[in-house]
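Participant: Kindly generate the corresponding structure for this input.
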Amino acid sequence: MLMTKWYGYYRPDGQVGARNYCLILSATVYANSVVERVANTIEGAIPITHDLGRCQTMSDLKLTFDILCGLAKNPNVGAVVIIDHFREAYCNIDEMGEEIAKSGKPVYGVNIREVGGAIEATAVATRQAMYLTQELSKMKREEADISQFLLGLNCGTSDTTQGLSANPALGFCSDRIVREGGRSILAEFPELMGAEEWLTSKAVSPQIAQKIVDEIASYEQKILATGEDIRGSQPTGDNIVGGLSTIEEKSLGGAKKSGSAPIIDVISNGQPVLNKTPGVYLMNTPGHGAESITSIAAGGAQAMVFCTGGGHTIAQPIMPTIKVTGNANSWRQMKDTMDLDLSGILAGEITLEQAGDLIYNELVEVLSGKLTKCEILKERSGFGISRAGLSI
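Facilitator: Reported below is the predicted structural model:
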């Protein structure tokens, strides 16, 4: 029996979160240690640390800013403490705080230098995070509709089973969510090369179809400009071991995650999906798993389904990541960090549509509070910020 409602935390901007985190956010690399100390002290707090935020070109700094602020504005985050070292362009407590505050959620900033150093900054931020977390703890889950859900679609460690089982099953799940008024994000543009014709056939207009072709081609040209041919690094080593022979073969299987629903638009890396029209949205991200799922979280997705043939440990820190496989061997070897066994598809025991329903019901349970295995294990390997260019 399929569920049509879930229970989440309503935010001031009308979005609904599947989780209720206090986010401890590093503005620059030099704030990382303070961020970690604060998050280690506060129950349930999520730390976001990174090696960026300075000595980047302005376009790269803006991308870093967009992704960090997007994560903070994700509906799974209820409150934010930003920790800054001194002051950099974009990545500072003032500009980040102003952007995040547009969501209506409480935001507090601590500048290490201004408060007197790392020890004092740790004390000030910990105290503020404590009070914010106490307020968050008073919130209760309320009923929400599937139309208020944005689903992340991703895959990794792909093999020959994936395009025949888990990926198309997720496509059926995505279609059902769209029929209920929800939306999905499909990313990983280098891994859509070769699937353009199928993707454009689902575009809502000739303009969107051309945008799909142009964006994928542009991504390949950027790689070629570095002197590398992406077709030489894709499929990856684990894909080849899994039996995939070409990027086109990998792409055609990967694209199936998006099902048959219309493609509404193509959006830039890490940008929020503000359009409420039900359907699939393509996000121009790298194929690198940690970067692509981080960008999807920055786009506003409350949960993700990650299909894998070989098994995976990846999980995004603020976005519950449900991992599914259609490979019976991978399930046996990796079930400590895998959530759904869909090997019955290839065994002829369940149909793709039935498998899609299994994913759908698991999603609704996770949205309503069920923890994924990786959440229980505090596995947060799926964080990475894309780079637009070289450091300076």
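Participant: where are the low-confidence patches of the stretch 101-250 of the chain?
Facilitator: Applying pLDDT under 70 to the stretch 101-250 of the chain flags residues 230-250.
Participant: so residue 110 sits in a strand?
Facilitator: Yes. Judged by DSSP: H, G, I helix; E, B strand; the rest coil, residue 110 forms part of a strand.
Participant: Now stretch 306-318: average pLDDT?
Facilitator: The average pLDDT within stretch 306-318 is 93.
Participant: So the closest residue to residue 48 other than its chain neighbours: helix, strand or coil?
Facilitator: Excluding its sequence neighbours, the residue lying closest to residue 48 (Cβ to Cβ, 6 or more residues apart in numbering) is residue 25, at 4.9 Å. Any C-beta I mention is one placed from the backbone N, CA and C, and that applies to glycine too. At residue 25, secondary structure determined by three-state DSSP is strand.
Participant: now swap in residue 307 and tell me
Facilitator: Per three-state DSSP, residue 307 ends up strand.
Participant: Residue 255 now?
Facilitator: Judged by three-state DSSP, the three-state class of residue 255 is helix.
Participant: From what I see, it and residue 199 are in contact.
Facilitator: Yes. Using Cβ atoms under 8 Å, residue 255 is in contact with residue 199, at 6.0 Å.
Participant: domain assignment for the chain?
Facilitator: Recorded structural domains for the chain (assignment: automatic domain parsing) are 21-136, 144-376.
Participant: The last one spans what distance, first to last residue?
Facilitator: Using Cα to Cα, to the nearest Å, the span of domain 144-376 from its first residue to its last is 24 Å.
Participant: follow-up on the earlier one: so what sits against both of residue 255 and residue 199?
Facilitator: Common neighbours of residue 255 and residue 199, using Cβ atoms under 8 Å, 6 or more residues apart in numbering, are residue 192.
Participant: what about these two, which has more around it?
Facilitator: The residue with more neighbours, out of residue 255 and residue 199, is residue 255; 26 against 22, by other Cβ atoms under 10 Å.
Participant: residues in contact with that one?
Facilitator: Shown in contact with residue 255 (Cβ under 8 Å, 6+ apart): 186, 192, 195, 198, 199.
Participant: Grab the nearest non-local neighbour of it.
Facilitator: Nearest residue to residue 255, sequence neighbours excluded (Cβ to Cβ, 6+ apart): residue 195, at 4.0 Å.
Participant: Residue 299 too?
Facilitator: Using Cβ to Cβ, 6+ apart, the closest residue to residue 299 is residue 273 (5.1 Å).
Participant: Distance of that neighbour relative to residue 291?
Facilitator: Separation of residue 273 from residue 291 (Cβ to Cβ, to the nearest Å): 17 Å.
Participant: Those two: which is more packed in?
Facilitator: residue 291 (22 against 19).
Participant: how close does the closest residue to that one other than its chain neighbours get to residue 101?
Facilitator: Excluding its sequence neighbours, the residue lying closest to residue 291 (Cβ to Cβ, 6+ apart) is residue 384, at 4.1 Å. With distances taken as Cβ to Cβ, residue 384 is found 26 Å from residue 101.
Participant: Ok, residue 270 next?
Facilitator: 19 Å.
Participant: between the two, which one's more packed in?
Facilitator: A direct count of neighbours by other Cβ under 10 Å for residue 270 and residue 101 places residue 270 higher, at 27 against 14.
Participant: need the helices for the stretch 51-200 of the chain, in chain order.
Facilitator: Under the criterion DSSP state H, counting those that start in this stretch, the stretch 51-200 of the chain contains helices at 58-73, 93-100, 112-115, 118-136, 166-179, 196-200.
Participant: Can you name every helix or strand that the shortest one contacts?
Facilitator: With contacts taken as 3 or more Cβ pairs under 8 Å, 6 or more residues apart in numbering; DSSP states H and E, helix 112-115 sits against helix 118-136.
Participant: Please export the alpha-carbon coordinates of the helix it packs on; PDB is fine.
Facilitator: Below are the C-alpha coordinates for helix 118-136, written out as PDB (Å, rounded to 0.1, in the frame of the first residue of the first chain):
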ATOM      1  CA  ALA A 118      39.700  30.100  18.600                       C
ATOM      2  CA  ILE A 119      39.000  29.300  22.300                       C
ATOM      3  CA  GLU A 120      36.600  32.200  22.800                       C
ATOM      4  CA  ALA A 121      35.000  31.500  19.400                       C
ATOM      5  CA  THR A 122      34.400  27.900  20.400                       C
ATOM      6  CA  ALA A 123      32.700  29.000  23.600                       C
ATOM      7  CA  VAL A 124      30.500  31.700  22.000                       C
ATOM      8  CA  ALA A 125      29.400  29.400  19.100                       C
ATOM      9  CA  THR A 126      28.800  26.400  21.400                       C
ATOM     10  CA  ARG A 127      26.600  28.500  23.700                       C
ATOM     11  CA  GLN A 128      24.600  29.900  20.800                       C
ATOM     12  CA  ALA A 129      24.200  26.400  19.200                       C
ATOM     13  CA  MET A 130      23.000  25.100  22.500                       C
ATOM     14  CA  TYR A 131      20.100  27.600  22.700                       C
ATOM     15  CA  LEU A 132      19.200  27.100  19.000                       C
ATOM     16  CA  THR A 133      19.200  23.300  19.400                       C
ATOM     17  CA  GLN A 134      16.900  23.600  22.500                       C
ATOM     18  CA  GLU A 135      14.400  25.700  20.500                       C
ATOM     19  CA  LEU A 136      14.600  23.100  17.600                       C
END
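Participant: If you count contacts, what does that helix end up packed against?
Facilitator: If contacts are counted by 3+ Cβ pairs under 8 Å, 6+ apart, helix 118-136 sits against strand 21-26, helix 32-41, strand 77-84, strand 107-111, helix 112-115.
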